[in-house]
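Colleague: the sequence and its predicted three-dimensional model are supplied below.
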Amino acid sequence: MFSASAEFYDLIYSTFKDYAAEARQIADLLRRINPRCASLLDVACGTGEHARLLAAEGFTVDGLDLDPAFVAIARTKHPAGRFFHADMSDFRLPHRYDAVLCLFSSIGYLQTLDRITAALRCFREHLAPGGAIVVEPWFPPGGLNTARVARNTGEANGVRVTRTSRVEVDGRLSRLHFDYEIADGTGTRHASEIHELGLCTPAEMLDAFRDAGLEVDFDPKGLTDRGLYVARSAWRDTLRPASHEP
């Protein structure tokens, strides 16, 4: 997915995404839900920026991602965490957590409701008793501006990266076209990526949570005006006690 740009991911997103503010919001939310919340699993963790900042808020944070380059960066950035290379729709870890997070619309990469439901079941299976799931969705059908072209430039340590992005919609699938210009001491090169994310309505997402055995609430604003789902197991009394350790 981010095979062409993993090493520049933080450089680009640091120009417009306020990870620190989001981490504070998430920390406040988790403590309201459960004042004793201590352990987190960050699913589709990317480079581990949320994980690093949530650890600074006092949580124990592990993560997983499908992209091995991201996992390597996250391990370097937050060495106290355990990071796993795994598919968020089908993973089994020997740990349970007070909260499972899936942020920055990463759930959209699953594309279809059946895969989203499978992922939510995996999330539920990795909850400690009384645990919560927090999911930031991708946009619903009709929520994207296909006429918009965005450019973001980040510069650090002698490297300047400009990303030009546009989106197209094909039915229930959105395609993000990212074109990069990377300039450093060796010259200028170009790279491109296409990312495909599914478009689901809030009603469909709520049904997916319920089909996964979860009780869910939806905040239409969320962290970044994309909404936020907060869920708990509908079968809390049947959860067996589980250790947070391997």
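Modeller: Great, that's in hand.
Colleague: okay, which residue is most central for this structure?
Modeller: residue 103 (3.2 Å; CA atoms, centre = their mean).
Colleague: find the nearest non-adjacent residue to it, please.
Modeller: Take residue 103 and drop its neighbours on the chain: the residue closest to it by CB to CB, 6 or more residues apart in numbering is residue 136, 4.8 Å away. Every residue, glycine included, has its C-beta placed from N, CA and C.
Colleague: returning to that earlier point: so who does the residue nearest to the centre of the chain touch?
Modeller: When the contact criterion is CB atoms under 8 Å, 6 or more residues apart in numbering, the partners of residue 103 are 22, 26, 42, 44, 50, 134, 135, 136, 223.
Colleague: what about the residues you listed, which one has the most neighbours?
Modeller: The residue in the contacts of residue 103 with the most neighbours, by other CB atoms under 10 Å, is residue 42 (31 neighbours).
Colleague: wait, a helix at it?
Modeller: No - counting by DSSP: H, G, I helix; E, B strand; the rest coil, residue 42 is not found in a helix; it is strand.
Colleague: that one contacts residue 59, correct?
Modeller: No - taking CB atoms under 8 Å as the definition, residue 42 is not a contact partner of residue 59, at 9.8 Å.
Colleague: the helices in this protein, which residues?
Modeller: Taking DSSP state H as the criterion, the chain carries its helices at 9-13, 19-33, 49-56, 68-77, 113-125, 202-211.
Colleague: of all the ones you listed, which lies closest to residue 144?
Modeller: The minimum distance between residue 144 and the helices of the chain falls on helix 202-211, with 15.2 Å, by CB to CB.
Colleague: to the chain's geometric centre, what's the distance from that closest one?
Modeller: Between the centre of helix 202-211 and the centre of its host chain there is 18 Å, according to CA atoms, centre = their mean, to the nearest Å.
Colleague: do the same with stretch 111-121
Modeller: Relative to the mean C-alpha coordinate of its chain, stretch 111-121 is positioned 14 Å out (CA atoms, centre = their mean).
Colleague: perfect, I'm done here.
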